[in-house]
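> Need the 3D shape of this:
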Amino acid sequence: MTPTKGWSLDFTGGRRLSAVLSIALLMTAFAAPIVRAGDYDPSSDVNSMTLTTDYIGAQAWWAAGYTGKGVDVALIDSGVVEIQGLSTPGKVLHGPDLSLESQSSDLIHLDTFGHGTFMAGLIAGRDDALTAPYEQAPASAYRGVAPDARIVSVKVATADGGTDVSQVIAAIDWVVEHRNQDGLHIRVLNLSYGTNSSQWFGVDPLAYAVERAWDAGIVVVAAAGNSGYQAKGSSPALANPAFDRRIIAVGSSDSNGTINISDDTMPDFSASAKTGSARAPDFVAPGVHIQGLRVRGSYIDDHVEGKTVLDARFMRGSGTSESAAIVSGAAALILDKYPDATPDQVKRLLKTTAYDMPTQNSRQVGAGELRLGTALSASLPNYTQTVERARGGGSIELARGSDHLTRDGVVLKGEHDIFGKWLNADVLNLLEAAGNSWSGGTWNGSDWTGNSWSGNSWSGNSWSGNSWSGNSWSGSSWSGNSWSGSSWSGSSWSGSSWSGNSWSGSSWSTSGWN
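Residues are numbered from 1 along each chain as shown. You can find the predicted model right below:
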């Protein structure tokens, strides 16, 4: 991604606004008239999850008995709120909260931003009353691509989307090292996240971390980015870690309001490259105007003026975040059918069965558009990738690109993690390769989290050390901000002490949404 396009906000009128985010969660929001509660009919909305799962072929897998059961999908994001659609007992497990909100008992694990819950619903949502056969349920019953998969939420982002790449790497390492512990069976990792890293993927620490997950048998799905079409051959084009060639990089497709796939196109925001050695997406998946679960009172819900609210439960989302989540659900279906499939085999199956979009440049859409119906009848390929592997050892600072956290005006930068500790990438590589970068709740010499489960949530930990700005993490920073029921009762997070440099001011102003 280019330095000024960590997150793009698209408008139905054709205007675009770009901002650099501390987390660069790759979701856009489309402005359109707000629909009054009760007016929304998912049976007539091509971009509802009912019709989306139908035309991508997911419902054919359900009918054949493959629903993602037994597959855990790790979601490294902004947390998950267990609202209807994700409230079935056991549907969501909360791994460690590695976000800066983990120090508040009112906020730990909860999605105060509104992004992670939306993604979880696309991957594995299922209304409480919904039972199989899911493909025969009415359109009013919400279900994601893999309705019987389980979500393991690892929270890294705060209410304004703020996180640091060191938190994401720590989260990936936790997923790898706990993938088969305590009854977990993590086979898919969703990263609707990216930075505009300014270094080669081969040495990038985030790229190295996702490859360790891939080597551990986890299908890593990453959003390509919302930076649009990159004309320069030297441009990295895709976000980090999607620019790593071993994992699955997903761009977005646009249904153009019909169920006919022949008129599907790639939206302008979806990252791609024109020429040269820059990586193209592996393929694309629906990512425009997608129906998803709304977290009422979250930052996005309260601060995005003119957003498309469908009713009390649902809103629309657009971006490669959504596309990645849909593909993560698709991977869970494949692993339900082929539990011993390797990540290379899953990737190959999805690429070889994609629909070749005749009007689109392959440098933009890769192998084409996701087609699960075709994949259902295809054989699992015997395949091992031969692409170049990342070796790590590079710079944490360069991995951030232009995305930086600030606290009390002090910027987190250089080769340091969120505790201000020196992060030696070579040492981290060795620990990740050995599968022991975590020791209990300790990562890179600091106690980030607890080391056990309590119910469906991983235990928390008090951060008694100093932050990068030299001040204690505990204290008055958290006062006056709490989660009460399903509402964010604190004051505006614009200009918050935990904010990155992009989620305040005119980026979210009313004038920007029309």
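
> tell me the centre residue of the chain?
residue 192 (2.2 Å; C-alpha atoms, centre = their mean).

> if you skip the residues just before and after it, what's nearest to that residue?
Distances taken as C-beta to C-beta, 6 or more residues apart in numbering put residue 321 closest to residue 192, at 3.6 Å, once the chain neighbours are dropped. Placement of C-beta: from N, CA and C, glycine included.

> Count residues in the vicinity of the residue lying closest to residue 143 once chain neighbours are set aside, would you?
In space, residue 143 comes closest to residue 126 once its chain neighbours are excluded; the distance is 5.0 Å by C-beta to C-beta, 6+ apart. Using other C-beta atoms under 10 Å, residue 126 has 26 neighbouring residues.

> distance of residue 126 from residue 255?
Shown here: residue 126 relative to residue 255, a distance of 23 Å by C-beta to C-beta, to the nearest Å.

> what does residue 410 give?
For residue 410 relative to residue 255 (C-beta to C-beta), the value is 45 Å.

> The two: who's more crowded?
Set residue 410 next to residue 255 and count neighbours by other C-beta under 10 Å: residue 255 wins out with 22 against 14.

> Tell me who's in contact with the nearest residue to that one once chain neighbours are set aside.
Nearest in space to residue 255, with sequence neighbours left out and distances taken as C-beta to C-beta, 6+ apart, is residue 46 at 5.2 Å. Contact analysis of residue 46 by C-beta atoms under 8 Å, 6 or more residues apart in numbering lists 52, 55, 255, 257, 258, 259.

> let's see 7 Å
By C-beta atoms under 7 Å, 6 or more residues apart in numbering, the residues touching residue 46 are 255, 257, 258, 259.

> and the end-to-end length of stretch 253-265?
Between the opening and closing residues of stretch 253-265 there is a gap of 6 Å (C-alpha to C-alpha, to the nearest Å).

> Go through it and flag the buried ones.
Judged by neighbour count using 16 or more other C-beta atoms under 10 Å, the buried positions of stretch 253-265 are 253, 254, 255, 264, 265.

> Please apply the same query to stretch 323-337.
Within stretch 323-337, the residues that count as buried by 16+ other C-beta under 10 Å are 323-336.

> Repeat that for stretch 141-151.
Across stretch 141-151, burial judged by 16+ other C-beta under 10 Å covers 141, 142, 143, 144, 145, 146, 147, 148, 149, 150, 151.

> There's contact between the third one and residue 134 in this structure, I believe.
Yes: applying C-beta atoms under 7 Å as the test, residue 143 and residue 134 come out as touching, 5.6 Å apart.

> Tell me where the model's unsure across the stretch 51-200 of the chain.
Of all residues in the stretch 51-200 of the chain, none has pLDDT under 70.

> just to revisit the earlier point, nearest to residue 445, of the buried residues of stretch 253-265?
residue 253 (43.9 Å; C-beta to C-beta).

> The nearest residue to that closest one once chain neighbours are set aside: neighbour count?
Closest residue to residue 253 in three dimensions, ignoring its sequence neighbours and counting by C-beta to C-beta, 6+ apart: residue 284, at 4.3 Å. By the criterion of other C-beta under 10 Å, residue 284 has 32 neighbours.

> Which helix or strand contains residue 284?
Using DSSP states H and E, the secondary-structure element containing residue 284 is strand 283-286.

> who are the neighbours of that strand, in terms of helices and strands?
Using 3 or more C-beta pairs under 7 Å, 6 or more residues apart in numbering; DSSP states H and E as the contact criterion, the elements in contact with strand 283-286 are strand 248-253, helix 320-337.

> so what does whatever helix or strand residue 208 lives in touch, helix or strand wise?
Secondary structure assignment for residue 208, by DSSP H and E: helix 205-215. Of the remaining helices and strands, those touching helix 205-215 by 3+ C-beta pairs under 7 Å, 6+ apart are helix 165-178, strand 219-223, helix 396-400, helix 425-434.

> Provide the contact partners of it at residue level.
165, 168-169, 172-173, 175-176, 189, 201, 220, 240-241, 244, 246-247, 343, 389-392, 394, 396, 399, 425, 428-429, 432-433.

> now do 6 Å
Residues from elsewhere that reach helix 205-215, judged by C-beta atoms under 6 Å, 6 or more residues apart in numbering: 165, 169, 172, 176, 189, 201, 220, 240-241, 244, 246-247, 343, 390, 392, 394, 396, 399, 425, 432.

> Quick one: buried ones out of the residues you listed?
Buried residues within the contacts of helix 205-215, defined by neighbour count using 16+ other C-beta under 10 Å: 165, 169, 172, 176, 189, 201, 220, 240-241, 244, 246-247, 343, 390, 392, 394, 396, 399, 425, 432.
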